[in-house]
Every structure is written in structure tokens, then in C-alpha cells.
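>>> sequence? don't have it. structure:
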């Protein structure tokens, strides 16, 4: 697919237009009187009791909150005065978040901090990294599941492009493409969009998974995730969908009322290692899964989509690219809340069996 | 304080009445035609990708959900036909949850499972343990913060009693007293109450904290939590309240919009090691903190209260009893949602500085 057309917003942020074949982006100047960007909007603080970094991004409290549709900052803005996307139209667009949790460049950050960094008992670092917004479509009322096939493929192309670009930037340790969809999980902009984070540290859950994978390799000489995929296929009870190149299943120990993991059948570390044919297939099965989600109940399902990507070297070499899709909806009318057992103790309690959820999703 | 009066509900569940000085519980027979209990209502499944147990408790989907006040199952039921508490009145009552996530006795469960238990790639165990409900007061419209001092002290007495009792039961590894308060975090019964879980395994967050404490002891020869408390006192910027025996502070790397940790000034492992005078003080400062929470905004604050307790031996010996109080309310009108960064990656992003939250809570 073609390279994106790049531009700059009024306050200096990057914007990239990705176009369908035959389309040519026609951005206009961003003429909004935006205040200058805060060059270092956040701080990482190390929690000694858990061994984890926490991002303190205190200036984001005033970020855009549920604007009316006519003031949507993600709809095209042909005048260059009303929107984050100064253009009469677009297919897929990516730009730096105006209210980022992470920004700027620097050295990557280890966990735990280097011993020399414990100059005080309270260790903090600048919150470097990158936060991008990706608009899936100019149609304010659409969704990923509703995108035409070619358009969904363009989003995958944009994710791959951003992954390659961000992984090459100094200080970025991990690239996380994700979508939060639905007011029930706190989404404040209804326009179909996702986000892309370049974290300067390995996130705690990724780090925990890589420890498991390393221990598994040492004990068995094989890849944990590849073995797990083979085991799920052999068992079969939790498989939701399978193609030549991808497999989707509800994990044996699912934590969420609706949870599906999507693995490529061939192990890769991230989107940049997939072939064009595999990326084509990925767009198809990913959209199929989201469309099954929306058919579970009468209303669109609130969900989180998390692309777990890894570097192909070092601590991350045992990783296996996969997507984890999760919903908090535990019935047509009830939500699963993460209360004290989950939030304070990380002890998850699931209200449904993974096998029953897989059977329902398979049948849709 | 006096010992509780014990009884049995219609389906065989235990119930314990704790009474204020001068009060004598007068339970009546529970005459409800309850179905027999499911002796093993749940399953623990081991997630090989994270190294954590997940509780699958599929029969809880039909648990009581937001009943009208006149049908509250936690209000006193003098007829023995309408309530979980068959009595004309009560002060504090504890009973086994009718819809438990964990139940029954057995051997404790290690993490990871013992190698011999990997008979298949998918390891599961019976969800043994214990789930109790604790009603703080017979007053349906009250709250912990509103309890008279003597009554709050009785709740603390009950927590201590249940901690000692459950720690002595076979297969229970960890006793967790907690309160979820507010519909915003999914509470389905408005009556002021908490819960007490006896987990058969060490919960993931506790295990992670104990690894940090062990490493700290090996590196420095001191207790991590005691050092952290001393450091917070020396810094001072995040202290909320302090007495002879207890200190409350917003942690340096707070993950939640409102988060306060309450430590005894003397290290103990759990409530059973506190003296009567310390328990008196605990009831006072704990209630004071919850009352500050309710004065933060015009409405009662939704919160989670988590009592972190440890055994005094083995892997848990480095523990330090403390309470972690957390709220998802990030402003008078907005909630903090745990979306993909937090839920999928455990990468927490806080919208406020811990110092500003501490200053607000101190001033109230």
C-alpha cells in the first residue's frame, strides 16, 4: 500500500493521512489558534511495592469530554478551524494526541530503575514516549466492524506503519495499538477511532507474560504461546474461528465475560513481520470477530482491543504477536465491574465459562 | 469484646451476630425454602501466560441484583422469611455468601501449580475457600463513615474475629476483608456491607508485593513497607492524617484518582496482631478517612477499601498490614475507567498528582 501523506497541526503535532487506492489526501492548513504544546506533560513514578511504573499525567483532566456530534474533533474539518483533522475528507488518519500521557524522546526506561537512579527513595522519570490517535474512518457513526473490507485492511496497514515507525524511535520500548469502544468503558469520543501508545518501558502485563515465556522455554525448549495455541486447537472446545493463517479462541482461563484471543498460526513478534497475505487475512478475521461481538446482544458491544506486540530481540524475543479482545458486558443488561478482588488483588472472578462463550460466538 | 452468637441459615450456611455492649442478639429460625447449596460452585484455572489463577464462578450470574429497598436481603428479617438475616434487629452480622466465588475445604493451592499437577496443559482445581458478607449495620441507608464510634469498633472486632477464624481453616492462604461502595463500581446491594474472602492461593498482587519485599530485605536488610512509611513521613507532602499508632498517606505512585494507604506505625502482619488500643485507634482513623472521602464532592464517594493482610510466616512474613482505599472518581462529574492501557497492559495512567490529592484530603 502507498505511503501516508504527512502534515503538521497548528501546534506542531504530526498528522498522517492514509488513503485507499485511487484516493489522494487533500489536507488544508490547520488554522486553529492552539496553545503551544507542553513538551513534557507527564512523569513516570516507580511503585516500590509492586515494582511497576505508574504514569502521572495530571494535565489531561481537561481533555475533550463527550462533545456533541457537530463538534466532533475527529470528523473532517474542511475549514481548518473546527477539527483535529484539517481536510474535507479522509480514509484513515493518524495524529499525535493533543492530550498525551507520554511525549518526547529520551533514553528507554528499565524496570526496576537502574540502581544509580535511586538517588532518593522516590524515583521518577520524564514520561517520554508517544501517544497517537487513529481515526478508522471519516464516518462519525461507523465502527470497525462496519468498515468495508478494503478499508479495514487500510487500518491494518496504518497500524503496521506506525509500529515500524515508533519501534525505530529512541526510547520507545513497546508499541501498543488498541481500541476502546463504548461509553461503558469510558470512551469520551464516539467517532470510531483507536489509539497507539509508544511506551518507554515494558508494560507490567507484557513483562509478566515474557517471564512466563522465558521460564517455559528454559523448561521445555519451546515457545509458550505456540504451545498454548497448539493445545487450544487440540482441545477445540474454545475455538471461535480459524483460517489458513489465524486462529481465534476464548482462552482457557479467561478473565473477562467476553474474551477472545487472536493468534497468527505462524509465530511473529509484531505486525511488521506478517506478510501482505497474512495482513489481508488478519483484517478479515479481526473484523469478523468484532462483528460477532456486535451480534451478541441487541446493542453494540463495548469492548477493548489490545494488540500485543513485541520486539524481535532481547527480553522480548519470546513474544508472539496476538490480539486480546475483551468486553465487560456480562449479560444483555449487566456489566462486569472490576471491584476490590480484581482491582486491589488482581484476583479475577469470571461469571461465565470460557467454553459457553466460545460456543455462543462460534454460532453467530 | 464478646464472642459472636452463631447460627445456621436454612441452607446450612453459617451466620454470626456481633453485638454492642449491652445488646444480646435474638435470631429467629430461617424459614425460607432455600435450595440446597452447590458444594463446589467454582473452579480455579491457571493462566500460563500470566502465571495467575483465575476463578471461574459461572453460577453467580443470577445473584441478587439491585433489589428495591423493601426487598433488601441484608435488612433484618423478623419473620425469618424475607432476609438473609433472620432477626428483628442486629448490630453487625457476618454470614456465608449465598452466591460464593469460593467454597469448601481442601489443600491450599500453590502458584504455579505443582509440576505433578500439569497432567494436562490446562490445569484447574476446585475453587475452595470461603466468601462471607459482613453487614456493618441494620440501617439500610447508612454507611461505614456514618457509624457511631463504638459501632465502627465493633466492625473492626468482627474483621479481626473472621481473620483469625479463616486463617486457621485448612486450605485458606489469604484472608481479604474489603468493601465495595457505590453503584459506580458495580455494587448491587445498597445496604452498607463489606465482604470477606478466604482465598486458597496467594492473590497475584499480594504475591508481587511480597517478591518486592523479599528482594528489598535481601538488598537492604530492612522491611520494604516500614522503609516506605518512614520515607513518606520524612517527605511529608503526601501525608493525609497521622496518630500515635497509624499513618495515612497518598502513595508516591498512586494509580487511582483518589488513593490513600493506611499503615499502623508498628509493623504487624494482620489485624490479629494489633493490640486492643491499636484496634480502637484503627477504627477511629479508618472512619475519619472514609468521612473525608464523602466530603470531597457533593455526593458520597464510590470507593473500594482493601485490607492487605499477611500470615506471620513463610513467604508472607515480609508483609505489613495496611489498608488501601481507592476511588475511581476523578472529578465531581467524571469517573476514571480502566481501559486498555490499564486493563490489557497493567499500565496505569493517573490524571492527578498524589500531592494535590493529599493536600485536598488533609484540608477537609
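That came in fine, so what should we check first? Note that the coordinates shown come from a computational prediction; the quantities given were computed from them, not determined experimentally. Numbering: from 1, shown residues only, chains lettered A, B, ... in the order given.
>>> for the closest residue to chain B within the stretch 151-300 of chain A, what are its contacts?
Closest approach of the stretch 151-300 of chain A to chain B (C-beta to the nearest C-beta) occurs at residue A:186, with a separation of 2.7 Å. All C-beta spots, glycine's among them, are computed from the backbone N, C-alpha and C. Counting by C-beta atoms under 8 Å, 6 or more residues apart in numbering or on different chains, residue A:186 touches A:180, B:335, B:336, B:337, B:339.
>>> switch to 7 Å and redo it
Residues near residue A:186 by C-beta atoms under 7 Å, 6 or more residues apart in numbering or on different chains: A:180, B:335, B:337, B:339.
>>> is it fair to say the first one lies in a strand?
I take that to be residue A:180. Yes: Residue A:180 sits within a strand when classified using DSSP: H, G, I helix; E, B strand; the rest coil.
>>> and the gap between the residue of the stretch 151-300 of chain A closest to chain B and residue A:358?
For residue A:186, the distance to residue A:358 equals 27 Å [C-beta to C-beta, to the nearest Å].
>>> Flag every residue of the stretch 51-200 of chain A that's near chain B.
Counting by C-beta under 7 Å from any C-beta of the partner chain, the stretch 51-200 of chain A comes close to chain B at A:51-52, A:54-58, A:60-61, A:65, A:101, A:121-122, A:176, A:178, A:180, A:185-186, A:197, A:199.
>>> In PyMOL, how would I select the buried members of those residues?
In PyMOL, a selection of the buried entries from those looks like this (16 or more other C-beta atoms under 10 Å in any protein chain shown):
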select buried, chain A and resi 51+52+54+55+56+57+60+101+122+176+178+180+185+197+199
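>>> Tell me how many other residues crowd the residue of the stretch 201-350 of chain A found nearest chain B.
Chain B sits closest to residue A:337 of the stretch 201-350 of chain A, with a gap of 2.7 Å, by C-beta to the nearest C-beta. Residue A:337 has 18 neighbours, counted by other C-beta atoms under 10 Å in any protein chain shown.
>>> and it, backbone torsions?
phi -100, psi 140 (degrees, to the nearest 10).
>>> so what's it scoring on pLDDT?
Residue A:337 carries a pLDDT value of 87.
>>> now residue A:96
On pLDDT, residue A:96 comes in at 98.
>>> Can you report how many residues neighbour the residue lying closest to it once chain neighbours are set aside?
Spatially, and ignoring its direct neighbours in sequence, residue A:96 is nearest to residue A:13 (3.9 Å; C-beta to C-beta, 6 or more residues apart in numbering or on different chains). Neighbour count of residue A:13, defined by other C-beta under 10 Å: 20.
>>> How much space separates residue A:13 from residue A:224?
For residue A:13, the distance to residue A:224 equals 39 Å [C-beta to C-beta].
>>> Is it correct that residue A:13 is in contact with residue A:95?
Yes: judged on C-beta atoms under 7 Å, residue A:13 makes contact with residue A:95 at a distance of 6.0 Å.
>>> near chain B, which residues of the stretch 251-364 of chain A?
For the stretch 251-364 of chain A, the residues in contact with chain B (C-beta under 7 Å from any C-beta) are A:252-253, A:255, A:304, A:306, A:324, A:326, A:331, A:334-335, A:337-341, A:343-353.
>>> helices or strands next to the strand or helix carrying residue A:165 in the packing?
Using DSSP states H and E, residue A:165 maps to helix A:149-167. In this structure, helix A:149-167 packs against strand A:14-18, strand A:92-96, strand A:130-135, strand A:174-181, helix A:276-296, with contacts taken as 3 or more C-beta pairs under 7 Å, 6 or more residues apart in numbering or on different chains; DSSP states H and E.
>>> Which positions in the longest one come out as buried?
Counting neighbours by 16+ other C-beta under 10 Å, one finds that the buried residues in helix A:276-296 are A:278-279, A:281-290, A:292-294, A:296.
>>> list the contacts for the closest residue to residue A:189 other than its chain neighbours?
In this structure, residue A:189 finds its nearest non-sequential neighbour in residue A:74, 6.0 Å apart by C-beta to C-beta, 6+ apart. Contacts for residue A:74 (C-beta under 7 Å, 6+ apart) come out as A:84, A:85, A:135, A:189, A:191, A:193.
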